[in-house]
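Peer 1: A predicted structure for the sequence below; I have some questions about it.
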Amino acid sequence: MQTRFVVIPAMPQEKEQCPRRFGVPAAQGSGYDLYDTHGKTRLALNYPTRAEAEYDCANRNSEERADGSPVAAEG
């Protein structure tokens, strides 16, 4: 079974002034966000470390399994 929430790298907060060629961003966002695989949405929570994001991700996934009902998305 696929987990509902997964950790993904955060997006840059500001848009590039002069985008680079080949579609590769000049800088990645700092930190991590969560992605809701059921709702197909990014939860832009901007965790500073991957460990914090993994912890919240595990909590959200375990809460959903305990209830059997989906966890409300924030953000």
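Peer 2: Perfect, thanks for sending it.

Peer 1: Just give me the neighbour total for Phe5.
Peer 2: Counted with other C-beta atoms under 10 Å, residues neighbouring Phe5 total 23. All C-beta atoms are positioned from the backbone trio N, CA, C, and that covers glycine.

Peer 1: And Thr49, by the same measure?
Peer 2: 10.

Peer 1: measure it to Ala10 for me?
Peer 2: Applying C-beta to C-beta, to the nearest Å, the value for Thr49 to Ala10 is 11 Å.

Peer 1: Can you check which residues contact both of those two?
Peer 2: The contact sets of Thr49 and Ala10 overlap at Gly31, Tyr32 (C-beta atoms under 8 Å, 6 or more residues apart in numbering).

Peer 1: other SSEs contacting the lengthiest strand in the chain?
Peer 2: As assigned by DSSP state E, the longest strand anywhere in the chain is strand 41-47. Judged by 3 or more C-beta pairs under 8 Å, 6 or more residues apart in numbering; DSSP states H and E, strand 41-47 is in contact with strand 32-36, helix 50-67.

Peer 1: Just want the angle from that strand to strand 32-36.
Peer 2: 160 degrees (axes from the mean of the first three to the mean of the last three C-alpha atoms, to 10 degrees).

Peer 1: Report the mean confidence score over strand 41-47.
Peer 2: Average pLDDT, strand 41-47: 93.
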